[in-house]
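Trainee: Predicted structure and sequence below. I'll ask about it afterward.
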There are 2 protein chains.
Amino acid sequence: MTHKKEKPDEKTRAKALLDKYLSQKQYRKTAERYAILDLIYSNRGHFEIEWLYQEMEKQEFRVSKATIYNTMQLLVECQLVLKHQFTKNVSVYERAIGNDLHHHLICTQCGKVIEYKDPGLIQFINEKGIKRFTPAYYNLNIYGICSTCTRKKKKK
Amino acid sequence: MTHKKEKPDEKTRAKALLDKYLSQKQYRKTAERYAILDLIYSNRGHFEIEWLYQEMEKQEFRVSKATIYNTMQLLVECQLVLKHQFTKNVSVYERAIGNDLHHHLICTQCGKVIEYKDPGLIQFINEKGIKRFTPAYYNLNIYGICSTCTRKKKKK
DNA sequence: ATGTATGCAAACCATTTGCAATGAC
DNA sequence: GTCATTGCAAATGGTTTGCATACAT
């Protein structure tokens, strides 16, 4: 059971929040839900359902795709996980706690997604109150051409 | 052939740009491509492929879905159309010229998408130079709960 | 005991692909 | 005439659904 370097309290905090949410909603505390959350909070960065599924297998914890989809929906609901849809038709997820708020640069040529941090921008958005809408989180996607594809284009 | 109130020059400008792009790339100038562009620039706001397909039928211009998908890709490429992926697994499109730059408020409960304009924010983003990336357009999606769903929740 | 959550397989549905026919050049 | 583009239908693949079984409460 090797763990990457991480603040152990983030995973613990996530578990506690899930616990609270399940109690509150009177949903059941199943081993699958905690195992999936644990895996998600053992990594950073983006991932897809397929990755999660295969990684669970490696950890010798059999879970069906159906359960993974159900659980991801649950985790998005209780704000422990963020869900993105970039250019391709696959949902991309990311843990919500312990990842600095960031934005995404998306290359329209190759689909690569680069994380982009700008505290000034974040502050700017946070300071705005939006009428008739309660923002939970936001997602600034900047589409364009990444440096790799710019180089490739010139070669042609 | 009734047209909604619109600046006629926007559609004309769009056509001219498509024309130029097709010439430049040595792609063929087919009736389908111009007809689809014409329909798109006869309306504002978001639409899906299915809408486009049915609307073309109404206009007595038979086009296959395959051609619509091909054409949309072309129009996104040459920046005459913007493509969005919100929460559902359907692509949502929008004409690029003549629509003020805006952002999106997306309700995570019901999926409703509200347009949101903030010139200050737009200016703020534009003033940033981003290294190693050439931005073409950006897309600020703010997820949260819309007022309708907030009301519904309280009723429960 | 009760009813929710899981696993499995089938169903769904937007999008993509292959190929023959059409038509732009 | 050549070859890109179209139309059609089949294939693809992520996600959802239905139902029997397992298990949290």
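Mentor: Alright, I've got the coordinates.
Trainee: Is the nearest residue to A:Asn99 once chain neighbours are set aside in a helix, a strand, or coil?
Mentor: Of all residues not flanking A:Asn99 in the chain, A:Arg44 sits nearest, at 6.1 Å (CB to CB, 6 or more residues apart in numbering or on different chains). Quick note: C-beta positions are derived from backbone N, CA and C, even for glycine. Reduced to three states with DSSP: H, G, I helix; E, B strand; the rest coil, the structure at A:Arg44 is coil.
Trainee: A:Arg44 contacts A:Arg95, correct?
Mentor: Yes. Under the criterion of CB atoms under 8 Å, A:Arg44 is in contact with A:Arg95, at a separation of 6.9 Å.
Trainee: Can you pick out the residue with more neighbours from these two?
Mentor: The neighbour count for A:Arg44 versus A:Arg95, taken as other CB atoms under 10 Å in any protein chain shown, is higher for A:Arg95 (22 against 15).
Trainee: The more buried one pairs with what?
Mentor: When assigned by DSSP bridges, A:Arg95 has beta-bridge partners A:Val81.
Trainee: Next, the contact list for it, please.
Mentor: By CB atoms under 8 Å, 6 or more residues apart in numbering or on different chains, the contact list for A:Arg95 reads A:Ala14, A:Ile40, A:Tyr41, A:Asn43, A:Arg44, A:Leu80, A:Val81, A:Leu82.
Trainee: Retrieve the pLDDT associated with it.
Mentor: A:Arg95 carries a pLDDT value of 93.
Trainee: gap between it and A:Leu82?
Mentor: Between A:Arg95 and A:Leu82 the distance, using CB to CB, to the nearest Å, works out to 8 Å.
Trainee: where exactly do the strands run in chain A?
Mentor: Assigned by DSSP state E, the strands in chain A fall at A:47-48, A:81-85, A:91-95, A:103-107, A:113-116, A:133-146.
Trainee: out of the ones you listed, nearest to DNA strand D?
Mentor: Each of those was scored for nearness to DNA strand D using CB to the nearest atom of the strand, and the closest is strand A:91-95 (3.4 Å).
Trainee: The closest one and DNA strand D, are they touching?
Mentor: Yes. Between strand A:91-95 and DNA strand D, judged by CB under 7 Å from any atom of the strand, the touching residues are A:Ser91.
Trainee: Surely A:Gly98 and A:Glu10 touch.
Mentor: Yes. Taking contact to mean CB under 8 Å, the distance of 3.8 Å between A:Gly98 and A:Glu10 places them in contact.
Trainee: list the residues that contact both of these two?
Mentor: With CB under 8 Å, 6+ apart applied, the overlap between the contact sets of A:Gly98 and A:Glu10 consists of A:Tyr41.
Trainee: Okay, buried residues for the longest helix along chain A please.
Mentor: Looking across chain A with DSSP state H, the single longest helix is helix A:8-25. Neighbour-count burial for helix A:8-25 flags A:Lys11, A:Ala14, A:Lys15, A:Leu17, A:Leu18, A:Tyr21, A:Leu22 (criterion: 16 or more other CB atoms under 10 Å in any protein chain shown).
Trainee: Please tell me I have it right and the third one contacts A:Tyr34.
Mentor: Just to be clear, that refers to A:Lys15. Yes. When contacts are counted by CB under 8 Å, A:Lys15 is listed as touching A:Tyr34 (6.7 Å).
Trainee: Mind checking if stretch A:63-77 is in reach of DNA strand C?
Mentor: Yes. In terms of CB under 7 Å from any atom of the strand, part of stretch A:63-77 sits within range of DNA strand C, namely A:Val63, A:Ser64, A:Lys65, A:Ala66, A:Thr67, A:Asn70, A:Thr71.
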